[in-house]
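Engineer: Please work out how this folds:
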Amino acid sequence: MNRPLPGVLHTPGFAHYGIAWSPFHNNRLALASSANYGLVGNGRLHIVGLGLGPGGLPQPGIDKFYETQDGLYDAAWSEIHENQLVTASGDGSIKLWDVMIKVGSARISDLPIRAWQEHTREVFSVDWSNIAKDQFISSSWDGTVKLWTPDRPRSLTTLQAHPSCVYQALFSPHQPDTVATCSTDGTVRIFDLRSPAYMPSAPGANSFTAPLAAAALTIPASGGEVLTLDWNKYRPWLLASAGVDKAIKVWDCRMVKLGPDAAQNPAVGGVCEAHLAGHEYAVRKVQWSPHRPDVIASASYDMTCRVWSTTPQPGAGHLLYIHDPHTEFVVGCGWSLYDEGVLASCSWDCRLNVFRV
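Structural biologist: Numbering: from 1, shown residues only. The predicted structure is shown next:
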């Protein structure tokens with residue numbers, strides 16, 4: 001099930017954690033990396049440009065990189081400024097970078113244009129809204145999700161989303177005030193930022209000093225940790241989750257069950273539409289295709305990146321493709337927003353692969 005070798009970018013000494021394709025440029029992506037597998041040491045943000053290699057395959061190369069004092073776990077491009085992006089760091093900080101600002105060398109700088117330090121533990125994900133384009137969110141091991149805008153010195157809202165680590169938080173691509181989260185507690189939760197539950201009730205209270213907690217919907221997605229999720233780009237209330245149970249599950253969030261104490265406790269629901277099994281170890285990343293409503297990519301600790309269809313294919317089942325040149329955990333994958341079928345994967349083997357499925 002393998003294809004010819006893809007374009008490969010090797011960054012010795014820096015294991016990868018996350019990739020993000022630019023929403024403005026079809027040949028640019030960001031790569032969040034960490035020294036010593038993210039356990040201790042510096043981080044590095046690589047700005048990667050794509051050219052054409054042998055056989056017409058995409059060939060990635062480093063246009064610029066930024067050094068940070070702690071490891072980087074994720075990156076997200078701005079939806080309003082083509083040259084800006086934010087990163088999530090192991091020291092709890094969030095930094096905003098402008099790739100056109102040159103300080104010293106044309107290839108290396110370590111100066112963000114803005115930084116925030118509110119999370120008390122590692123920030124593990126950042127996501128920029130593609131509807132409310134002046135806002136982004138972050139999730140942290142401190143159990144909170146924070147809403148930000150680049151021109152404010154403090155967060156706009158803090159959600160006490162889960163009792164423990166929040167691995168990922170994502171805006172819905174269809175509803176600007178809807179956010180989904182996943183956590184070590186085995187649940188996926190949906191938050192509606194328009195809910196009265198998010199309005200401060202005590203005199204002088206605000207969401208910075210009194211975090212908000214009420215989820216609109218809780219999905220008991222797994223008996224173990226849920227490491228990743230993603231919204232379907234075509235069906236508004238469909239999302240996928242995956243984690244340590246090695247399975248990818250597709251949920252319809254419209255199915256809600258209200259208990260007798262619904263006023264005090266969040267609704268519980270979600271119907272599992274598909275159960276995609278095949279990975280041998282935990283699934284670290286899932287992402288729906290931006291071009292087809294039934295195709296999803298996954299990255300796993302079994303050192304593979306896989307592509308699935310939620311509609312079984314004759315003679316093939318749900319699994320469409322396996323990409324296995326990596327020699328360490330594959331922790332990130334991302335579809336090109338402009339070129340259908342082009343997928344990128346990143347790994348602890350310090351290699352970014354860009355290939356056509």
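Engineer: Identify the bridge partners of residue 354.
Structural biologist: residue 7, residue 344 (DSSP bridges).
Engineer: Please verify my assumption that it contacts residue 50.
Structural biologist: Yes - if you go by Cβ atoms under 8 Å, residue 354 and residue 50 touch, sitting 6.5 Å apart. From N, CA and C alone the C-beta is placed, and that goes for glycine too.
Engineer: any shared contact partners between those two?
Structural biologist: 7, 58-60 (Cβ atoms under 8 Å, 6 or more residues apart in numbering).
Engineer: tell me which of these is nearest to residue 318?
Structural biologist: Using Cβ to Cβ, residue 58 comes nearest to residue 318 of those, at 26.4 Å.
Engineer: mind listing what residue 255 touches?
Structural biologist: 269-271 are the contacts of residue 255 under Cβ under 8 Å, 6+ apart.
Engineer: which among those residues end up buried?
Structural biologist: Buried members of the contacts of residue 255, counted by 16 or more other Cβ atoms under 10 Å: 269-270.
Engineer: just curious, which of the contacts of residue 255 is nearest to residue 90?
Structural biologist: residue 270 (31.4 Å).
Engineer: doesn't the closest one fall inside a strand?
Structural biologist: Yes - membership of residue 270 in a strand is supported by DSSP: H, G, I helix; E, B strand; the rest coil.
Engineer: So it sits against residue 253, correct?
Structural biologist: Yes - between residue 270 and residue 253 there is a contact under Cβ under 8 Å: 5.6 Å.
Engineer: what residues are shared contacts of the two?
Structural biologist: Counting by Cβ under 8 Å, 6+ apart, the residues touching both residue 270 and residue 253 are 217, 219.
Engineer: Make JSON lines from the contacts of residue 255 and add distance to residue 341 and pLDDT to it.
Structural biologist: Shown next, in JSON lines, are these (distance: Cβ to Cβ, whole Å; pLDDT from 0 to 100):
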{"residue": "269", "distance to residue 341": "34", "pLDDT": "79"}
{"residue": "270", "distance to residue 341": "30", "pLDDT": "82"}
{"residue": "271", "distance to residue 341": "30", "pLDDT": "89"}
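Engineer: Show me which of the contacts of residue 255 is closest to residue 343.
Structural biologist: residue 270 (27.2 Å).
Engineer: Run through the bridge partners of the closest residue in space to the closest one that isn't next to it in sequence.
Structural biologist: In space, and not counting its chain neighbours, residue 270 is closest to residue 219: 3.6 Å by Cβ to Cβ, 6 or more residues apart in numbering. Here residue 219 sits in beta bridges with residue 188, as judged by DSSP bridges.
Engineer: neighbours around residue 219, how many?
Structural biologist: 29 (other Cβ atoms under 10 Å).
Engineer: likewise residue 54?
Structural biologist: 9.
Engineer: Who are the contact partners of it?
Structural biologist: By Cβ under 8 Å, 6+ apart, no residues touch residue 54.
Engineer: same deal with the one 5 residues further on?
Structural biologist: Applying Cβ under 8 Å, 6+ apart, one finds that residue 59 lies in contact with 7, 50-53, 354.
Engineer: Columns neighbour count on top of these, output as JSON lines?
Structural biologist: Output for the contacts of residue 59, formatted as JSON lines (neighbours: other Cβ atoms under 10 Å):
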{"residue": "7", "neighbour count": "22"}
{"residue": "50", "neighbour count": "24"}
{"residue": "51", "neighbour count": "10"}
{"residue": "52", "neighbour count": "11"}
{"residue": "53", "neighbour count": "16"}
{"residue": "354", "neighbour count": "25"}
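Engineer: can I get those in TSV with distance to residue 116 and pLDDT?
Structural biologist: Output for the contacts of residue 59, formatted as TSV (distance: Cβ to Cβ, whole Å; pLDDT from 0 to 100):
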residue	distance to residue 116	pLDDT
7	34	90
50	30	93
51	35	87
52	38	79
53	38	74
354	31	94
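Engineer: just wondering, since we're on residue 58, how far is it from residue 221?
Structural biologist: 34 Å (Cβ to Cβ, to the nearest Å).
Engineer: Over to residue 249?
Structural biologist: 6 Å.
Engineer: what's the answer for residue 17, then?
Structural biologist: 22 Å.
Engineer: okay, residue 216: pLDDT?
Structural biologist: Turning to residue 216, the model gives it a pLDDT of 88.
Engineer: Please read the previous query as pertaining to residue 46.
Structural biologist: pLDDT, residue 46: 97.
Engineer: Quick check: it touching residue 67?
Structural biologist: No - using Cβ under 8 Å, residue 46 makes no contact with residue 67, being 10.7 Å away.
Engineer: which one of those two has more residues nearby?
Structural biologist: More neighbours surround residue 46 than the other of residue 46 and residue 67, with 25 against 13 (other Cβ under 10 Å).
Engineer: which residues does the more buried one form a beta bridge with?
Structural biologist: With DSSP bridges as the criterion, residue 46 is bridged to residue 31, residue 65.
Engineer: OK, contacts around it?
Structural biologist: Per Cβ under 8 Å, 6+ apart, neighbours of residue 46: 9, 11, 14, 30-31, 33, 62, 64-65.
Engineer: Next: residue 315.
Structural biologist: So residue 315 contacts nothing (Cβ under 8 Å, 6+ apart).
Engineer: Now secondary structure too, for the shared contacts of residue 354 and residue 50, in CSV please.
Structural biologist: Listed next are the shared contacts of residue 354 and residue 50 as CSV, based on three-state DSSP:
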residue, secondary structure
7, strand
58, strand
59, strand
60, strand
